[in-house]
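Enquirer: Generate coordinates for the sequence data below:
(chains A, B, C and D)
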There are 4 protein chains.
Amino acid sequence: MSEINLAVQEITADMIARVDRGAVATYIPELAGIDPARFGIAVVDAEGAQHVAGDGDTLFSIQSISKVFTLTLALGKVGDALWQRVGKEPSGNPFNSIVQLEYEKGIPRNPLINAGAIAVADAILAGHTPKAVLGEILRFLRYVSDDETIHIDRAVAASEQATGFRNAALANYLRACGNLRHPVEMVLGVYFHHCAIAMSCRQLAMAGRYLAFAGRHPTAGGKVISAERAKRINALMLTCGHYDGSGDFAFRVGMPAKSGVGGGILAVVPGKASIAVWSPGLDAQGNSVLGSAALELLSRRMNWSIFGE
Amino acid sequence: MSEINLAVQEITADMIARVDRGAVATYIPELAGIDPARFGIAVVDAEGAQHVAGDGDTLFSIQSISKVFTLTLALGKVGDALWQRVGKEPSGNPFNSIVQLEYEKGIPRNPLINAGAIAVADAILAGHTPKAVLGEILRFLRYVSDDETIHIDRAVAASEQATGFRNAALANYLRACGNLRHPVEMVLGVYFHHCAIAMSCRQLAMAGRYLAFAGRHPTAGGKVISAERAKRINALMLTCGHYDGSGDFAFRVGMPAKSGVGGGILAVVPGKASIAVWSPGLDAQGNSVLGSAALELLSRRMNWSIFGE
Amino acid sequence: MSEINLAVQEITADMIARVDRGAVATYIPELAGIDPARFGIAVVDAEGAQHVAGDGDTLFSIQSISKVFTLTLALGKVGDALWQRVGKEPSGNPFNSIVQLEYEKGIPRNPLINAGAIAVADAILAGHTPKAVLGEILRFLRYVSDDETIHIDRAVAASEQATGFRNAALANYLRACGNLRHPVEMVLGVYFHHCAIAMSCRQLAMAGRYLAFAGRHPTAGGKVISAERAKRINALMLTCGHYDGSGDFAFRVGMPAKSGVGGGILAVVPGKASIAVWSPGLDAQGNSVLGSAALELLSRRMNWSIFGE
Amino acid sequence: MSEINLAVQEITADMIARVDRGAVATYIPELAGIDPARFGIAVVDAEGAQHVAGDGDTLFSIQSISKVFTLTLALGKVGDALWQRVGKEPSGNPFNSIVQLEYEKGIPRNPLINAGAIAVADAILAGHTPKAVLGEILRFLRYVSDDETIHIDRAVAASEQATGFRNAALANYLRACGNLRHPVEMVLGVYFHHCAIAMSCRQLAMAGRYLAFAGRHPTAGGKVISAERAKRINALMLTCGHYDGSGDFAFRVGMPAKSGVGGGILAVVPGKASIAVWSPGLDAQGNSVLGSAALELLSRRMNWSIFGE
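Expert: Numbers count the residues shown, from 1 in each chain, chains lettered A, B, ... in the order given. Okay, here's the model as predicted:
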């Protein structure tokens, strides 16, 4: 058994034994019923080997992790022009983003907070229909993860659409500031549906390979994005990927990563590994308690922090 | 000539030729008169070789870069208890920190913004006199840089003390919230003096070796701090080291780094290099224009970003 | 000619001659085309005499002035329970109310800012249809003003509904905080339509009599509201009636009053007069430039400030 | 017994019987020990009659009520130029004023909050010594109250100076923004001492007569200030006199008034009465619980609200 594999097994055993698992997000009704004892992990290493343990093949709602993929697509479509509509700075304040939007006149601080991802969804729409754009997002995810089964969980999407008043407030505010070009309902339709994509840790770790390995597609060959762009997306994940807990995550784990309120985290170790963990219990900042703990252990054990040898 | 040396030479030539150099900080009278055309750089590599160019041996006021060293000392004295008084999150908002202090009831968001560094200075004081503590800071810097000549520029310290009303507001606010244990004047005395330490790029790059090389002292041997603590300080530099431009710096350069309004930047590439640059012209966020540009070029050329291979 | 009449005539002549008239609001397309040179005034005194000058019989969009009337109706329906959903404090900050909403968890600071008036519209709905509720608002206005011709300008309502993204952001935010009980579209429908009521200065001054004269209906006899409630609504108009210019208006004019972005102002002098002025040019705070100036002159000349003999 | 006298007696009896008295301010050590059961009231009517009950002759620390008098003096010295340094708008937000100071670049929102009163103290200094200026303030108070015994409680002043870090933060911030012309310590010396003036309800009600009676000095004859200026100061008291409870106080009581954390409130009914109440227990906004309740009863009983007949 390889060292990675052993680490993955032992960390999984440790996580399953833990009692302090945080609380499952309740504001999306479809997610509220999930058992907080679930834990999954998958690591794809530089040789392409997959190390999967626990519930690593269970589908969960990737939620905000999807923002990394829509950001990738938006940069592909509009390039650096995107940065005229969205910033690159951590949001860094406990009051959520509608306050920031008003202070900064409709420019979300970064593409990984809700307001920023809504602007990114608008950028991807580019005159197409929501259906066409969602097809494009799915095709991208299926391609980078080598898995044609990836799909949107319609029940989760409907559940969010019914209760997503805070996101509707953000979208309307963006529109009021001239930072949405399509109708609010259309943009939110794309946003709620890409957040409702269901994936397993294995699928997600496979999908993250292009970020871990210099923009390349290890199995298909060729480039998904340039190595330069992969670095930049990784930098954004490091500084902004865990909402107002991004600094603490960098401090403890030291990997570019993006969390979602479904309890998943996608993390990349440049040149070494693409990792996905999942456990639905969240901390006060909305990040997976066991997921963060597992990555912290893995980072120390494998010496995978980007901040030191 | 080594590849690093060639890079350093060419980047220096490029920088000296640039016209857009930003504006020298004017709020500290002693700094206001410095020629914006100055540019220096020093790189210490894993073998201990020093690559210095331009004004790399000119002394400048390290200002906020000193916060990295006082943080190191404070962690040595009080350990993780420091994090009860100071956060680890990027400040991330264009309104400076007194607003944040009020929202977060006297807990500065991180140790690298002014309010946080003032709390750190209070933590180092620990009942000693400002003079004793400043002696300790200097001894630390002389040790890590192998240079006994490092000193405080008294004229700069006096200049700051006379005009530092905003820092006095922060210190009084911290004290009102119970987050300063020593008299305001005493803490500010330490703070203004450690910000007024004068160093060259060469000295600074030497001083930063323990952060780049796993906490070790390459020449003296032995550990300055643990490898784990070095990673954590690097993580804080990456997320918080450039004020409200930290996200952009991570995006463009991809190195843990700390800037100062004197125009210096200390950057580390774990396992590879400790780097210092200096050019006094600043951008709107208070970071050296040419210094950032030089590090961006160096990062690309040497492939030194921590975010990709 | 009475003293009031003379004052009204002379002030009108003065206003018409003024050059500095502010700028007409452009964000509601239907209002943008109105001639800034228009000025009207109407005063109804304690004897019921009407003193009208300039464009005092021209219809204009009362906009936010309507909030005083919906507040009156909401208090009639739910009484002091309204104050669990809406505060009584001036908003008092230059950042508009969505920031405040977030800080205060969905409780608008007062019923005369947009967020507060949207919550008031929700309170009036009380399970009825928007059409029924708008009928009720119109019946109330026709009754208090003795004028059966008062109506909603459908073109203005449609114009607001098409562009009112900021209000949609507020309404969605209120709903996200549990402070709207009806669907967002339904509440906004009521809100946009009552803001689009068209009235003349004469009609508005007649409508304001119950506030000036202890809750009584001077011509129909009987009480519209209690004297106590009239005082309280007047207090709210004084502290909150001119957005972030309320303090300045109290300082200069000294009358409880409510302005609208259509350029109208309703002001009351308890026991002495109900006054309406109209001129579409606005100052930076969104209050009528000539309207405020006319009321300031009238206050001094008639000694009508509530703050002194 | 006159109707006012009867009202004063009955309200006093009511107040003394009440159990819910709020909490005495503890942040000024010298005030913390005062018995919350104390209650005093004094009313000076238009005929000059004094109606005093309860502890109406007990001295207490007037604290922020002093800001009304320093504002009067500052307007006498610099006139409307004062409004370039201080606003006229309610502060209206639960976060206290250092946040607002930063948003509005060092211009306090009004002269009755701490930051504004510190700027006013700077305006009165006008190159004189703190001792001379404090003498001037005392002479003014002795004159308007017909009482030569009014003095500063040095123990209270010393107590505030030792603990007033939040005010020191505000003063330093004002100085950093260029809105203080004298040294911070000098301005704070004046501020802490004028807040520490000790007066009884009787003295305070006498002192407030110039505001209630059109700027006139009823006993000395002549004008203290113009009737116009008295109206304007009253307007500021109404909109800004009770911190973030100003709207609620206007709503319930309907009198221009200024509260202090010592538990006193000075209220004026233009043309009718100058009133002072005192009870040291405070509500969450820092205003006297029994003092507000007593004024609310008095306002209803005497029909003294400025917002209705």
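Enquirer: where do the strands sit along the stretch 51-200 of chain A?
Expert: Remark: strands assigned in the stretch 51-200 of chain A by DSSP state E, counting those that start in this stretch are A:60-61, A:151-152, A:197-199.
Enquirer: quick one: which of those is nearest chain D?
Expert: Using CB to the nearest CB as the measure, strand A:60-61 is the one of the strands of the stretch 51-200 of chain A that comes nearest chain D, at 36.0 Å. C-beta here means a position set from N, CA and C on the backbone, and glycine is covered the same way.
Enquirer: Now do the same for the residue of the stretch 201-309 of chain A at minimum distance from chain D: its pLDDT.
Expert: The stretch 201-309 of chain A approaches chain D most closely through A:Asp244 (18.1 Å), counting by CB to the nearest CB. The confidence metric pLDDT takes the value 87 at A:Asp244.
Enquirer: What about the closest residue to it other than its chain neighbours, how many residues nearby?
Expert: Nearest-residue entry for A:Asp244: A:Gln285, 5.4 Å, with adjacent residues in sequence omitted and distances by CB to CB, 6 or more residues apart in numbering or on different chains. Other residues near A:Gln285 number 16, with proximity taken as other CB atoms under 10 Å in any protein chain shown.
Enquirer: one step back: and the strands of the stretch 51-200 of chain A as a markdown table, adding distance to chain C and mean neighbour count?
Expert: Output for those, formatted as a markdown table (distance: least, CB to the nearest CB, whole Å; neighbours: other CB atoms under 10 Å in any protein chain shown):
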| stretch | distance to chain C | mean neighbour count |
| --- | --- | --- |
| strand A:60-61 | 20 | 28 |
| strand A:151-152 | 23 | 16 |
| strand A:197-199 | 23 | 25 |
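Enquirer: So the residue of the stretch 201-309 of chain A closest to chain D is in contact with A:Ala284, correct?
Expert: No. Look at A:Asp244 against A:Ala284 with CB atoms under 8 Å: they stay out of range, at 9.1 Å.
Enquirer: quick one: which of the two has more around it?
Expert: Taking other CB under 10 Å, A:Asp244 and A:Ala284 do not tie; A:Asp244 has more neighbours (23 against 11).
Enquirer: ok, now how distant is that one from B:Ser91?
Expert: In this structure, A:Asp244 and B:Ser91 are 11 Å apart, going by CB to CB, to the nearest Å.
Enquirer: ok so the residue of the stretch 201-309 of chain A closest to chain D is a helix residue?
Expert: Yes. Secondary structure assignment places A:Asp244 in a helix (DSSP: H, G, I helix; E, B strand; the rest coil).
Enquirer: picking that back up, so which of the strands of the stretch 51-200 of chain A comes closest to chain B?
Expert: Nearest of the strands of the stretch 51-200 of chain A (CB to the nearest CB): strand A:197-199, 23.4 Å.
Enquirer: list the contacts for the residue nearest the centre of chain A?
Expert: Geometric centre of chain A, nearest residue: A:Ile65, 1.4 Å, by CA atoms, centre = their mean. Going by CB atoms under 8 Å, 6 or more residues apart in numbering or on different chains, A:Ile65 touches A:Leu204, A:Lys258, A:Ser259, A:Gly260, A:Gly262, A:Gly264, A:Ile265, A:Leu266.
Enquirer: at 7 Å instead, please
Expert: With contacts defined as CB atoms under 7 Å, 6 or more residues apart in numbering or on different chains, the neighbours of A:Ile65 are A:Leu204, A:Lys258, A:Gly260, A:Gly264, A:Leu266.
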